[in-house]
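In: pasting the structure only:
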RNA sequence: GCGGAUGUGGUGAAAUUGGUAGACACGCCAGACUUAGGAUCUGGUGCCUCACGGUAUGUAGGUUCGAGUCCUAUCAUCCGCACCA
């Protein structure tokens, strides 16, 4: 480590400078120092135990970082530094999820290439991150939009494309093993996941032409092509994301959006449903997080039942999935999803017009709306009747938007007495309701119980529902009109985007059949374009780059790109070996770093990113590229930092603004005002006038000489002017203060609104800490004396608490403990090195710069980053007596100091002998004495 | 609609997991030092009450010697729901 010129307090020059806590020069100095010495460089070879601490990498948006982002980053940084002090070799990398829609949208509006804006944004992010003093090993940075990175995204995609899921072994295997099976025995033992009704023998397989064979294989591949609906906006000529569609029209321009079927790539994640579910048992995610994933996967047990259609050909059935086969006699009608293939076939001529107009209506409805708006019951009768395969009863077939095509079979058997939505539907359309619950159904609402005795159920009458399911399933299977079925709510994950700014697929189509590009051709680079407009027929912009798309006559490249989660599904593996050009990461590196020990990020990724990356990890593990099948051992969810917006009230039609308390006397418009020109709720009126030209002539109606703003907690966003830039706070108070303040706000997992106000308290704490070392007049005041027992006591209490809290991510209480400790040491005037030195090590993960500075001034040549973490010693904190609260009937009345080793009899005697107690006892006899040793005494009278 | 989370002073919160509610801070009040204070230090600060005391953890019940913590019901707010990342 190069020696840095440091002025100590004893030197005459610069004497004054180091009297005060000058965070700016300290932080700058140490950041430069750490960079120059590569202090955060991490090696893949070490004798130390490893620890992998990872942040969810950010999408580098144009808005830059706001105070919400660093919350998780600071948490993980503290943990990483702490683990390093504890003797671990810690991998703590950072990178950018650099592909994405906003950059492309911005390109569309401004003509700037996404690669350029993304690079600019990354630059801004990096500057902001560097300010806060993180211990990232930047030599391992990844950017998902770089060819050197997405080469491996494409490569992994090809591995997934070239794999199938063997349900017998529950593992992915290379597709050639499946071909061998087909050649030997057809698909008798391997049900086709893409089309269950596909059956062929080995003879048939060998007779198929190549295109047919490839089509069949596509139905097995883990990355596959299928048709699915997208939000199609004719006017914009493009496919829209769900959040670009508002109330059935495009967010931009308000044009109508309809659903359109397009050929798309998918990940067959449903094959992994069970393993994703079981894997949850092996990871340390919060219960709520596991619950969310379980619900998303949505495993249910039930039966698939085929209902014949009256008057239709015998081979046509309405197949339904139900978790309640026991209610089969309660089926009063059937409901198909409006998109169901049978709708066209079974609708009677008389009902055709009704059905058509209903289908038009449904076209305009988003899936979200269809699920959410249940109060409004809609539907249409097809005119057809289905025949209950168990009871033989004929029931009408309806279509309704509350049945979704993507879930189950896209059709349900409706049991209104047991299902509230079915009940509402039946009531609304006057469909008679069969009561199979007897007295358990009141006719006013459905009763979804499983504990009733069946009525009106033919031979099942009198059977408890829980037993009936089994009976019905057996009969269905016996008659071949249904079967036991496990169903998952989870759907295969759409993996195509009709966009430019994403990874190109390494796929070419020859006469419409998909072929993988040779691995040697990777990376398949994204061609540079100037025009970001969509291609014909809703294809992505790449379709316009004809020279890139058309390779040879009849040979076209795939023009879709991969979605945002492609690059993020495996990036944690790349950090282990980021510069490898021969493979995505060497087996040596992934074996060494293995699973991420702690993963920190927001709950918004609860299902999407976490499930996809878990799936990719499982595939790579099955194919033996890595040695573990769960990527993240432990997950910490950081809460959202909400914005706290401020409002001014403009008198309608004027440029006059009235203070909060006076606004009701006027008719006003509420306007967001930049929180950065408001102190608490006091508006800086001068800054307001300068904020925007339109406010230059603003006049104010004040209360008590002040302008008070209204407040509201909202999402932190630029448009609400409630974002707070960490840079400004770091500039004003320093990175150490900022880091500790973010942690002081409350538990990491909890969401809370941002309020800058309290930061002063943390800053004062650091200044107070500084004054333990430096006196304004005397300068450096640390001594080598033996510390007082009180000082050692508070030190060791602090060691114990900080160690525990840091290990458990309880950083808010850790910061409090630092404050308590420093307050106490200041009161004790404790200046001894033996107390202050361990305290600095404890503090180093939280406030690394000030800790490093004082450490250095204490005379250490070696870095505090690798100091030895202090050990807690109980002898210093032992107490001999405890101040017992004495309660009567649970109400604390007085306190008594008693020796801690006193036994219950002694305590009881001492308490009952207390004179002050008399007035509380009101001469009533003590019925019972409850003593909790070392805690409290309670007398019951 | 489904799923998840959160409700404690004026504010952010703490509470060893069933045992003295409000630690630590912000803010506010009073005072000291100071040429000055947006520096620093001291004291106070849940609410009601002059006080004695009473009362208090979204609301309503319950279990318990004892409940912020456990149970039941209920209300409110926030987040996610598959093409934002």
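Out: Perfect, thanks for sending it. None of the values given here were measured: they were computed from a predicted structure.

In: residues of the stretch 801-941 of chain A that sit close to RNA strand B?
Out: A:810, A:812-813, A:815-816, A:819-820, A:823, A:826-827, A:883, A:885, A:887, A:889-892, A:895, A:928, A:930, A:932, A:935-936, A:938, A:940 (CB under 7 Å from any atom of the strand). In short, each C-beta sits where N, CA and C put it, glycine included.

In: narrow those to those in helices?
Out: Taking DSSP state H as the definition of helices, those contribute A:812-813, A:815-816, A:819-820, A:823, A:826-827.

In: out of those residues, who's the most crowded?
Out: residue A:815 (25 neighbours; other CB atoms under 10 Å).

In: any idea of the pLDDT on that residue?
Out: Here the pLDDT value assigned to residue A:815 is 95.

In: equivalent analysis for residue A:851, please.
Out: 96.

In: mind telling me what element it is part of?
Out: Using DSSP states H and E, residue A:851 falls within helix A:848-857.

In: which parts of that helix are buried?
Out: A:848-857 (16 or more other CB atoms under 10 Å).

In: repeat that for stretch A:62-82.
Out: Buried-residue list, stretch A:62-82, by 16+ other CB under 10 Å: A:64-82.

In: go on, stretch A:410-429?
Out: Those would be A:410-419, A:421-426, A:429, for stretch A:410-429 by 16+ other CB under 10 Å.

In: how near is the residue in chain A positioned nearest to RNA strand B to residue A:755?
Out: Per CB to the nearest atom of the strand, residue A:761 is where chain A lies closest to RNA strand B, at 2.4 Å. When distance is defined by CB to CB, to the nearest Å, residue A:761 is 12 Å away from residue A:755.

In: now do the helices in the stretch 51-200 of chain A.
Out: A:69-85, A:101-110, A:114-132, A:147-161, A:175-185 (DSSP state H, counting those that start in this stretch).

In: any chance of those helices in JSON lines, plus distance to RNA strand B?
Out: Shown next, in JSON lines, are the helices of the stretch 51-200 of chain A (distance: least, CB to the nearest atom of the strand, whole Å):
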{"stretch": "helix A:69-85", "distance to RNA strand B": "11"}
{"stretch": "helix A:101-110", "distance to RNA strand B": "4"}
{"stretch": "helix A:114-132", "distance to RNA strand B": "11"}
{"stretch": "helix A:147-161", "distance to RNA strand B": "13"}
{"stretch": "helix A:175-185", "distance to RNA strand B": "24"}
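
In: in CSV: those helices, plus mean pLDDT.
Out: CSV is the format used below for the helices of the stretch 51-200 of chain A (pLDDT from 0 to 100):
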stretch, mean pLDDT
helix A:69-85, 94
helix A:101-110, 84
helix A:114-132, 93
helix A:147-161, 96
helix A:175-185, 96
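
In: turn the ones you listed into a markdown table, including distance to residue A:242.
Out: Listed next are the helices of the stretch 51-200 of chain A as a markdown table, based on distance: least, CB to CB, whole Å:
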| stretch | distance to residue A:242 |
| --- | --- |
| helix A:69-85 | 24 |
| helix A:101-110 | 11 |
| helix A:114-132 | 21 |
| helix A:147-161 | 24 |
| helix A:175-185 | 33 |
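
In: deepest-packed of the ones you listed, please.
Out: helix A:69-85 (a mean of 24; mean count of other CB atoms under 10 Å).

In: show me what that one is packed up against.
Out: strand A:50-55, strand A:89-91, helix A:114-132, strand A:598-602, strand A:635-638, helix A:735-744, helix A:789-807 (3 or more CB pairs under 8 Å, 6 or more residues apart in numbering; DSSP states H and E).

In: and the residue of chain A closest to RNA strand B, how many neighbours?
Out: The number of residues near residue A:761, taken as other CB under 10 Å, comes to 14.

In: name the surrounding residues that touch the helix or strand where it lies.
Out: Following DSSP H and E, one finds residue A:761 within helix A:759-773. Residues outside helix A:759-773 that contact it (CB atoms under 8 Å, 6 or more residues apart in numbering) are A:20-21, A:23, A:729, A:733-734, A:736-738, A:740-741, A:744, A:780-782, A:815, A:818-819, A:822-823, A:825-826, A:830-831, A:836, A:843, A:847, A:850, A:854, A:857.

In: and what of stretch A:831-841?
Out: A:85, A:772-773, A:781-787, A:791-792, A:795, A:798-799, A:821, A:825, A:830, A:851, A:854-855, A:858, A:864, A:867-870.

In: and if we set it to 6 Å?
Out: A:781-785, A:787, A:791, A:795, A:851, A:854-855, A:867, A:870 (CB atoms under 6 Å, 6 or more residues apart in numbering).

In: repeat that for stretch A:209-216.
Out: residue A:513.

In: now do stretch A:389-398
Out: A:310, A:328-329, A:331-335, A:379, A:381-382, A:384-387, A:481.

In: quick check: mean pLDDT across stretch A:667-681?
Out: Here the average pLDDT along stretch A:667-681 is 79.

In: how long is that stretch end to end?
Out: Start-to-end span of stretch A:667-681 (CA to CA, to the nearest Å) is 21 Å.

In: make CSV from the buried residues of helix A:848-857 and add distance to residue A:405 to it.
Out: As requested, the buried residues of helix A:848-857 are exported to CSV (distance: CB to CB, whole Å):
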residue, distance to residue A:405
A:848, 55
A:849, 58
A:850, 60
A:851, 59
A:852, 60
A:853, 64
A:854, 65
A:855, 64
A:856, 67
A:857, 70
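
In: and which of those residues is nearest residue A:901?
Out: The closest of the buried residues of helix A:848-857 to residue A:901 turns out to be residue A:851 (CB to CB; 39.3 Å).

In: could you find the closest non-adjacent residue to the closest one?
Out: residue A:844 (4.0 Å; CB to CB, 6 or more residues apart in numbering).

In: from what I can see the one you found touches residue A:865, true?
Out: No: at 7.2 Å, residue A:844 does not count as touching residue A:865 under the criterion of CB atoms under 6 Å.

In: quick one on the thing from earlier: including distance to residue A:722, could the contacts of stretch A:831-841 go into TSV?
Out: Formatted as TSV, the contacts of stretch A:831-841 follow (distance: CB to CB, whole Å):
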residue	distance to residue A:722
A:781	44
A:782	44
A:783	49
A:784	51
A:785	51
A:787	47
A:791	44
A:795	41
A:851	33
A:854	36
A:855	38
A:867	40
A:870	41
